[in-house]
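Novice: Sharing a model that was predicted from the sequence below.
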Amino acid sequence: RAARHPPELHEGMGTLPPFPENGPEASPVFDGHPLHLLKHSTPPEVLERHIAKLGNELSTTPSSEGFTWPPPAGSELERMLQAEELTKWDYDLFKLNELTNGRPLAAMAQGVIRSHGLVEKCGLDEEVLGRYLNAVESTYNPCVYHNPMHAADVMHGTNYLLSGDLAAKLPSDELLICLISGPAHDLGHPGVNNGYLIKRSNPVAETYKNASVLENHHVGLSLMLMDLPGMDVLGGYDGKRRGELVAMMKEVVLFTDMTKHKELLERMQAVQGERKTLDTDRADDRLLICQTLLHTADLGNPCKPWPIH
C-alpha cells in the first residue's frame, strides 16, 4: 500500500487527502480521477543490456524504416498531424502511438516540423529528414519512461510553448534546432541516471568527466546519427553555420540536466532584473529561450490532463 504521512506531519497541515490504495487488485482513485498504475517495470537484466550498449549504439546501423510522410489522406492520422491539432495541450499521444503502430516520435516530429514550413524554409531534403527521424526513434531503448513516447511528448510540449508569435520571431534554422532537440534529448537513455553511471565508473561517465553524462551522450549520439550516410538533416548548411547550429543543439539538450535547473532560473531572473524581457534579436537570448522551452517541456507532462498523463 502507498505510504502515508506520519502523524506528526499532520499538525498544522489541515486535512490531507488519503493516499490512493494500490496493488494488483486495486482500482485507485485520487481527487475523483481513476489512476492507471504501471503493471510492469524494467527488469535489472534489461537495464544491464541498455547500459552495456552505451557508447556502442551505432555498432550496427539503426533502422531508418518506419513512419513515412504524408499520412493517408482523409485519415484520423492526417487529422492528428495538422498544425492546429499539434498545438493543443490535451493532444492524445496514446492515440497517435496507436495510429502509427508504435512510431509516435517520427510522426510527431514530421508533423511539427512541417507545421512551421521548415522543410521549405530550411531547404531540408525530405528523404534525409525521414530517414534521420526514423533512425532516432529506432535508437531509443524500450525503457518504461525514457522512450519514444516521452520524446514525442517533449517535442509536442515544446511546440505548444512556441505557439503564438514566438516561433515566428526565431530564425528558421534555430527554430529547427529547438524542435529536433526534443527527439534528441534522451536518445539512447539506458533507464538509469547520471549518478548511477558515475558511481559505477561507466566509460561514458568517464568520457564526459562525470558532468551531464547522459545529456552529453544523448546529443552526441544524435549528431553521430547525422554523420551516417543519407541522414545529415543539416547538410544543406555551410560549414560555419552548420557548426553554429550543432553547438546550439548541444547547449539546448545539455540544459535538460536537472543539475542545471538553478543556473537556468538565475539566468532568466538576471534578464528580468536587467532588461525585463528577452530579446529575440540577441543570439544569447534566443539560446536561453530554446533551453528554457525544452527543459520546461521535459518536465511538463504532469501538467497535462489526467486521461493523457
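Specialist: It's in. Numbering: from 1, shown residues only.
Novice: My reading is that residue 167 is in a helix; is that accurate?
Specialist: Yes: secondary structure of residue 167 (DSSP: H, G, I helix; E, B strand; the rest coil): part of a helix.
Novice: thought it was touching residue 179?
Specialist: No: contact criterion C-beta atoms under 8 Å: residue 167 and residue 179 do not qualify, at 9.1 Å. (Each C-beta comes from the backbone N, C-alpha and C, glycine too.)
Novice: neighbour-wise, which of those two wins?
Specialist: residue 179 (23 against 18; other C-beta atoms under 10 Å).
Novice: For residue 68, which non-adjacent residue is closest in space?
Specialist: Leaving out its chain neighbours, the residue that sits closest to residue 68 by C-beta to C-beta, 6 or more residues apart in numbering is residue 130, at 6.4 Å.
Novice: Could you report the distance from the one you found to residue 233?
Specialist: Counting by C-beta to C-beta, to the nearest Å, the separation of residue 130 from residue 233 is 10 Å.
Novice: again, but for residue 93
Specialist: Distance of residue 93 to residue 233, computed by C-beta to C-beta: 23 Å.
Novice: do residue 181 as well
Specialist: Distance, residue 181 to residue 233, by C-beta to C-beta: 12 Å.
Novice: The two: which is more packed in?
Specialist: The neighbour comparison of residue 181 against residue 233 (other C-beta under 10 Å) goes to residue 181, with 29 against 20.
Novice: give me every residue that touches the nearest residue to the more buried one once chain neighbours are set aside.
Specialist: The shortest distance from residue 181 to any non-neighbouring residue, by C-beta to C-beta, 6+ apart, is to residue 252 (4.5 Å). Counting by C-beta atoms under 8 Å, 6 or more residues apart in numbering, residue 252 touches 177-178, 181, 287, 290-291, 294.
Novice: which stretch of helix or strand covers residue 252?
Specialist: Here residue 252, judged by DSSP states H and E, is contained in helix 239-254.
Novice: Extract the C-alpha set from the helix or strand that comes right after that helix and format it as PDB.
Specialist: Counting by DSSP H and E, the next helix or strand C-terminal to helix 239-254 is helix 261-274. Extracted in PDB, the C-alpha atoms of helix 261-274 (Å, rounded to 0.1, in the frame of the first residue of the first chain):
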ATOM      1  CA  HIS A 261      17.900  24.000 -13.400                       C
ATOM      2  CA  LYS A 262      19.100  26.600 -10.800                       C
ATOM      3  CA  GLU A 263      21.500  28.100 -13.400                       C
ATOM      4  CA  LEU A 264      18.700  28.400 -15.900                       C
ATOM      5  CA  LEU A 265      16.500  30.100 -13.400                       C
ATOM      6  CA  GLU A 266      19.200  32.500 -12.400                       C
ATOM      7  CA  ARG A 267      19.900  33.500 -16.000                       C
ATOM      8  CA  MET A 268      16.200  34.100 -16.600                       C
ATOM      9  CA  GLN A 269      16.000  36.200 -13.400                       C
ATOM     10  CA  ALA A 270      19.100  38.200 -14.400                       C
ATOM     11  CA  VAL A 271      17.400  39.100 -17.700                       C
ATOM     12  CA  GLN A 272      14.200  40.100 -15.900                       C
ATOM     13  CA  GLY A 273      16.200  42.300 -13.500                       C
ATOM     14  CA  GLU A 274      18.300  44.000 -16.100                       C
END
